[in-house]
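Undergrad: Provided below for reference: sequence and predicted model.
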Amino acid sequence: MGAKNVLMHTHVHIPTNKRSETYFDYLYDRYREEIEARCRLFYPGDNYLQQSLFNEITLQLWQDVDKIARAVKMFRPRKPVTDIEQATLRFEHYCVFRKVRYVALDSYRRHSRETRRIEYRDSLSEEVSRVDTDKEDINELIGMLEPEESDLIRLVLAGYTPREIGDSINRSQSTVYRRINEITKKLKAIKKPSKKIQ
């Protein structure tokens, strides 16, 4: 109880010169715990997503380590400071965590978008399955639709959002929403074929 949650670390090795590798190791050791804390803030309680984000961040820092090193080396305070070393460290921190923030926000947006896709797809799948519970293969049911309708439903089930579908077929998002609702109602209206009495 109360033990600190330490993320497991995996490294993707990319050959580089010794100086870059040494500076990356320095950045990793200096800022690892703070980066871990940021990962926990973005994905509280989800160790897998925390680890995934940590790996994305460290890989991006590795790829940008030379840029960060050059920026820090060329840093000159705009105003006179009493402690140039501390000012340089603050600038280094800014460079590192500007990249951390960018990667974390991009990851969070991608994860949120994928979560919405899955929820929407599952919701539609549930609606389709309610139409005819005897048909385990949804594709068979979708095959009863017109080609344009079945194509649209398959895109939704594949995880595409209405906006992405609209962009691909040159239609507005609201038009796609309307068509999806119409097709869903059509599927609900399909009646089970009555069984013949032998």
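TA: Good, I have the coordinates.
Undergrad: Could you break this protein into its assigned domains?
TA: 18-114, 132-189 (automatic domain parsing).
Undergrad: I'd like the mean pLDDT over the longest one, please.
TA: The average pLDDT for domain 18-114 rounds to 88.
Undergrad: Repeat that for the last one.
TA: Mean pLDDT, computed over domain 132-189, is 76.
Undergrad: going forward, begin numbering at 51 instead of 1
TA: All right, first residue 51 from here; so that's domain 182-239.
Undergrad: okay if I get the domains of the chain as JSON lines plus mean neighbour count?
TA: Just so you know, the C-beta spots here come from the backbone N, C-alpha and C atoms, and that holds for glycine as well. Listed next are the domains of the chain as JSON lines, based on neighbours: other CB atoms under 10 Å:
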{"stretch": "domain 68-164", "mean neighbour count": "15"}
{"stretch": "domain 182-239", "mean neighbour count": "15"}
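Undergrad: all helices for the chain, in order.
TA: 68-92, 97-113, 115-123, 134-181, 188-192, 197-207, 212-219, 223-239 (DSSP state H).
Undergrad: Excluding sequence neighbours, find me the nearest residue to residue 203.
TA: residue 192 (5.5 Å; CB to CB, 6 or more residues apart in numbering).
Undergrad: make that residue 73, sorry
TA: Nearest residue to residue 73 in three dimensions, chain neighbours excluded: residue 119, at 5.2 Å (CB to CB, 6+ apart).
Undergrad: Distance of the one you found relative to residue 81?
TA: Taking CB to CB, to the nearest Å as the measure, residue 119 falls 14 Å from residue 81.
Undergrad: What's the separation between the most centrally placed residue in the chain and residue 120?
TA: Centroid-nearest residue in the chain: residue 160, 2.4 Å away (criterion: CA atoms, centre = their mean). Noted for residue 160: a distance of 29 Å to residue 120, by CB to CB.
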